[in-house]
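>>> Have a look; sequence and predicted model below, questions after that.
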Amino acid sequence: QQQVKQSPQSLIVQKGGISIINCAYENTAFDYFPWYQQFPGKGPALLIAIRPDVSEKKEGRFTISFNKSAKQFSLHIMDSQPGDSATYFCAASPSGYALNFGKGTSLLVTP
Amino acid sequence: EAGVAQSPRYKIIEKRQSVAFWCNPISGHATLYWYQQILGQGPKLLIQFQNNGVVDDSQLPKDRFSAERLKGVDSTLKIQPAKLEDSAVYLCASSLDASIGRIYGYTFGSGTRLTVV
């Protein structure tokens, strides 16, 4: 049973455009929502994370938007660059427990 | 800071054989995780250790998979006997502490790619 549902499965964006990836969850015990970036042959790396007491968090070109009532959160990548081409995973966990990952979004940023 | 070390990087075995993976977490990290990542999917937790105790192994297929973390540092994950569907990347991750791992995030190793033929 997939505890975190992620969409789209793949995404193609032109350089300079905005990439948007969405995730939804059901478990109201989740209180930590990170996004991970994974390049081929590497393990996932933490990109940005948010807790449910805030609705938005921005770090550089990356922004998480969080809607607690809808149980949804999203990643926005502004001014997308070819170097951002990777697989992105959303995840969620309750306090003290391991992350549950979405299925991933393969992002391709074209020149 | 050295990252999470995993070995081997690749392994090819025949079904019904056994295989073991090794993980050395970041020094001082109390929490260690093993995840299975099947091609095209997100990582799926197999087991979570806090020091040398098991926190969660509910998704570990215990009839064939086993894991241990001796002395609360290195960990090994074993599969015996392997099945074709075990073909995946096995990722090890560590965090300073599960309760504050959310602040610093997990650090993943590069994984071991297992192919069962």
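Looks like it came in fine.
>>> To which secondary structure element type does B:Glu85 belong?
helix (DSSP: H, G, I helix; E, B strand; the rest coil).
>>> pLDDT score for residue 1?
Assuming you mean chain A. pLDDT for A:Gln1: 67.
>>> oops, chain B please
Looking at B:Glu1, the pLDDT reads 61.
>>> residues in contact with residue 54?
As the question left the chain open, I've gone with chain A. Residues in contact with A:Val54 (CB atoms under 8 Å, 6 or more residues apart in numbering or on different chains) are A:Phe66. C-beta: built from backbone N, CA, C; applies to glycine.
>>> My question was about chain B, not that one.
If you count contacts by CB under 8 Å, 6+ apart, then B:Val54 has B:Ile47, B:Gln48 around it.
>>> What strands line up against the helix or strand harbouring it, and which way round?
For B:Val54, the enclosing helix or strand under DSSP states H and E is strand B:53-56. Within its sheet, strand B:53-56 is paired with strand B:44-50 (antiparallel), according to DSSP bridges.
>>> next one: the strand it pairs with to chain centre, how far?
In terms of CA atoms, centre = their mean, to the nearest Å, the centre of strand B:44-50 is found 7 Å from the chain centre.
>>> next one: stretch A:56-70
Taking mean C-alpha positions (CA atoms, centre = their mean), stretch A:56-70 and its chain are 9 Å apart.
>>> buried stuff in the strand holding B:Val54?
Applying a neighbour-count criterion of 16 or more other CB atoms under 10 Å in any protein chain shown, one finds B:Val55, B:Asp56 buried in strand B:53-56.
>>> before we move on, what about stretch B:57-71?
B:Asp57, B:Leu60, B:Phe65, B:Ser66, B:Ala67, B:Arg69.
>>> And that stretch, end to end?
End-to-end span of stretch B:57-71 (CA to CA, to the nearest Å): 18 Å.
>>> Check stretch B:34-48 too.
End-to-end distance for stretch B:34-48: 7 Å, by CA to CA.
>>> Need the nearest residue in space to the residue nearest the centre of chain B, chain neighbours excluded.
Geometric centre of chain B, nearest residue: B:Trp34, 2.6 Å, by CA atoms, centre = their mean. Setting aside the residues directly before and after it, B:Trp34 is nearest to B:Leu46 in space (CB to CB, 6 or more residues apart in numbering or on different chains), at 4.4 Å.
>>> picking up where we left off before, pretty sure the residue nearest to the centre of chain B sits against B:Lys78.
No: look at B:Trp34 against B:Lys78 with CB atoms under 8 Å: they stay out of range, at 10.7 Å.
>>> Could you tell me which residues touch both of those two?
B:Ala67.
>>> Looking at the buried residues of stretch B:57-71, which one is closest to B:Leu39?
Among the buried residues of stretch B:57-71, B:Phe65 lies closest to B:Leu39 (CB to CB), at 18.8 Å.
>>> mind listing what that closest one touches?
So B:Phe65 contacts B:Leu46, B:Leu77, B:Lys78, B:Ile79 (CB under 8 Å, 6+ apart).
>>> Over to A:Lys103?
For A:Lys103, the contact set (CB under 8 Å, 6+ apart) comprises A:Gln2, A:Lys5, A:Gln6, A:Gln9, A:Phe89, B:Gly40, B:Gln41, B:Gly42.
>>> Get me the contact residues on chain B for chain A.
Within chain B, the positions lying close to chain A (CB under 8 Å from any CB of the partner chain) are B:4, B:33, B:35, B:40-45, B:48, B:55-56, B:91, B:93, B:98-99, B:102, B:105-106, B:108-111.
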